[in-house]
Structures are given as C-alpha cells and as structure tokens.
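S.K.: pasting the sequence and the predicted coordinates here, then a few questions.
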Amino acid sequence: MSLAFAQREDMSIGDQPGLIPNPADEELPLQFRRQIVLYRSTEAPGTIIVHTAERFLYVVQPNGRALRYGIGVGREGFQWQGLLRITRKQEWPDWTPPPEMIERQPYLPRFMAGGPGNPMGARALYLGETRLVNGDVIDLYDRIPVGTKVIVRQKPEL
C-alpha cells in the first residue's frame, strides 16, 4: 500500500477524482499545521510515530521534541497499526484504486497518471494509507530516507 498524502477526514476521494485543489482548499486549521512540539519518546531521532486516533504524525527530534504534522486517516475498519518501515519513495505517483474502493465507488477510473489532479498527491512514501497535504508530504519526503522506522498507534497512550 502507499502512504498517500492529503488532509481529509477519511480516505474517500469523493466524486471528483482529478480535481486540482486550490491553495485555500489545502489550508489547514492551526492545530493541524506542521510545527515543532514537545514530545517524549524513547525512539531514536528520525523515527516516525503515527497516532491515528489523534490525527497526528510525529518525526522524533533530539531533546524531547518532534516535528508534528496533521493527517487524515483511513475510514473506520481500514486503519492499521504496528511497526513498519518506509520501503519506497516516489514523486507524483500514479494511482490505481484498490478493488475495495472500486466496489464502493464503481464509477472511479481504473488508473490515473501522476500529476496535480491525482488523489495520491505530490509525493508518496510507501507504507500504508495515512495522508498529508501536499506541502507537508513534500517536506516530510525531503527529510525521511527509505528504511525509516515507522510506528503506527490507533489509541492514545495513557
């Protein structure tokens, strides 16, 4: 699966695949904008920790800090968790909707070449179904090498 990026409440692309959002459409509420935050972790700097329930992705930094990105996550029942690694990176990836999505939305195209109207967005880090807006995924793509450790958690830690 691909780690495709666009901030949305769910992974649905709606009825308009190929729609090119204007910059105002990708303007995030303040709490979801990329920022440095205090973050306690025993993980090494550079590790990605995704909290699906909180809708945040953290890149662990030194000295108890993390770079936090707001994310959209898959529909209920399509979420995942565990320890993973970034296996591949690609700029302007092509998109082929999975069979489950075609079953729910049979009108979807069976393939879309990469580009601004593609639901995959500007960059892909291949891993799963967590999404960021294009500006954030480009920033993350430039920071993160293939092989980066990724931890996905669905429930908040107490």
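M.R.: Received it, and whenever you're ready, just let me know what you need. Residues are numbered from 1 along each chain as shown.
S.K.: okay, helices next: where are they in this protein?
M.R.: Per DSSP state H, the chain carries helices over the ranges 99-104, 134-143.
S.K.: okay if I get those helices as TSV plus mean neighbour count and distance to Gln31?
M.R.: Yep, even glycine has a C-beta here, placed from its N, CA and C like the rest. TSV is the format used below for the helices of the chain (neighbours: other CB atoms under 10 Å; distance: least, CB to CB, whole Å):
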stretch	mean neighbour count	distance to Gln31
helix 99-104	12	29
helix 134-143	18	14
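S.K.: between those, which gets nearest to Leu28?
M.R.: Judged by CB to CB, the one of those that comes nearest to Leu28 is helix 134-143, at 8.4 Å.
S.K.: shaky segments in the chain?
M.R.: In the predicted model of the chain, residues 1-21, 23-26, 74-80, 127-130, 155-158 satisfy pLDDT under 70.
S.K.: and the gap between the residue located most distally from the centre of the chain and Gly114?
M.R.: Most distant residue from the mean C-alpha position of the chain: Asn63, 25.1 Å away (CA atoms, centre = their mean). In this view, Asn63 and Gly114 are 38 Å apart by CB to CB, to the nearest Å.
S.K.: ok, Pro106 next?
M.R.: Here Pro106 is placed at a distance of 23 Å from Gly114 (CB to CB).
S.K.: same question, Arg34
M.R.: According to CB to CB, Arg34 stands 23 Å off from Gly114.
S.K.: ok, back up a step: indicate which one of the helices of the chain is closest to Ile49.
M.R.: helix 134-143 (12.9 Å).
S.K.: alpha carbons of stretch 116-127, in CSV - could you do that?
M.R.: Only the C-alpha atoms of stretch 116-127 are listed here, as CSV (Å, rounded to 0.1, in the frame of the first residue of the first chain):
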residue,chain,number,x,y,z
PRO,A,116,-1.7,17.6,-9.7
GLY,A,117,-5.2,16.1,-10.1
ASN,A,118,-4.2,12.7,-8.9
PRO,A,119,-5.6,11.6,-5.5
MET,A,120,-2.1,10.3,-4.5
GLY,A,121,-0.8,13.9,-4.3
ALA,A,122,2.7,15.3,-4.9
ARG,A,123,4.7,12.6,-3.2
ALA,A,124,4.3,9.1,-1.8
LEU,A,125,6.2,7.3,1.0
TYR,A,126,5.1,3.7,0.5
LEU,A,127,3.8,2.2,3.7
